[in-house]
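Asks: Kindly return the folded structure for what I paste below:
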Amino acid sequence: MRVDSSNVKLRAFETEDVKALHGWLNDADSIALVGRTPVTYEQTVQHVEKKQKNKDLVLGIENEDHQLVGWIFLQNIEFEHGRASIGILLAPESRGRGYGSIAMRKMIDIGFQQLRLHKIYLTTRGINQQAIRLYQKLGFIIEGQLRDHAYSDGRYYDTYFMGILASEWSDYSGNGTSVTSMQA
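Replies: Numbering: from 1, shown residues only. As a prediction, the model looks like this:
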């Protein structure tokens, strides 16, 4: 069942959210699709603290029942170059329901409309075809490919660099009209 975008909220990622994030990071599919290894709870805490120290914009994704279903962030924010990298991770039970698409639209809109960025980019593994389709549906373009760049589950996979420019988002989202607005 798909969700209504007006029912999905982005909000500050809180200390009490780290426990849920720890579980999502250690989910077998997350590990395989992203190519990471399991992490301890302390490593998860350190990861969140590092993002906060780096002044990354880290938000929790809430569903229509006000339950945390994921996190999304803009990192490596470089205002002097007008760019940032975007990342997202959803709870396993929340994948495939539209939360990722809605959250990405809202965060991209924040990046371009509120932070006045020129470009938002990401990397993803070739094994993660669902994510690649989502990113392309949102208007991201594959800008580069590193062959056999990531090792996961006994195999090597390509890594794709994808990006979208503010002008492309403006065209995509309705000629400069804000697609979404952050709701507290």
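Asks: just checking, what packs against the helix or strand harbouring residue 151?
Replies: Using DSSP states H and E, residue 151 sits within strand 141-152. The contact analysis (3 or more Cβ pairs under 8 Å, 6 or more residues apart in numbering; DSSP states H and E) places strand 141-152 against helix 28-34, strand 119-125, strand 155-165. Where you see a C-beta, it was placed from the backbone N, CA and C, and this is true even at glycine.
Asks: Give me whichever of these is most buried.
Replies: Comparing these by mean neighbour count (mean count of other Cβ atoms under 10 Å), strand 119-125 ranks first with a mean of 20.
Asks: which residues sit against that strand?
Replies: Strand 119-125 is contacted from outside by 33-35, 74, 82-87, 108, 111-112, 131-132, 135, 140, 143, 150, 152, 157-166, 169, using Cβ atoms under 8 Å, 6 or more residues apart in numbering.
Asks: which residues touch residue 37?
Replies: residue 31.
Asks: Which secondary structure state is assigned to it?
Replies: What DSSP: H, G, I helix; E, B strand; the rest coil gives for residue 37 is coil.
Asks: And the pLDDT at residue 126?
Replies: According to the prediction, residue 126 has pLDDT 90.
Asks: Also residue 32?
Replies: 80.
Asks: before we move on, the earlier item: list the buried residues for the strand holding residue 151?
Replies: For strand 141-152, burial by neighbour count (16 or more other Cβ atoms under 10 Å) applies to 150, 152.
Asks: Parallel or antiparallel, which strands does it pair with?
Replies: Partners of strand 141-152 in the sheet, by DSSP bridges, are strand 155-165 (antiparallel).
Asks: So what's the model's average confidence on the helix or strand following the partner strand?
Replies: Downstream of strand 155-165, the first helix or strand assigned by DSSP H and E is helix 166-173. Mean pLDDT, helix 166-173: 84.
Asks: Pull helix 166-173 out as PDB, backbone CA atoms only.
Replies: The C-alpha coordinates for helix 166-173 follow below in PDB (Å, rounded to 0.1, in the frame of the first residue of the first chain):
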ATOM      1  CA  ALA A 166      18.700  22.800  -9.200                       C
ATOM      2  CA  SER A 167      17.600  23.700 -12.700                       C
ATOM      3  CA  GLU A 168      16.700  20.100 -13.500                       C
ATOM      4  CA  TRP A 169      14.800  19.800 -10.200                       C
ATOM      5  CA  SER A 170      13.000  23.000 -10.900                       C
ATOM      6  CA  ASP A 171      12.000  21.700 -14.400                       C
ATOM      7  CA  TYR A 172      11.100  18.300 -13.000                       C
ATOM      8  CA  SER A 173       9.200  19.600 -10.000                       C
END
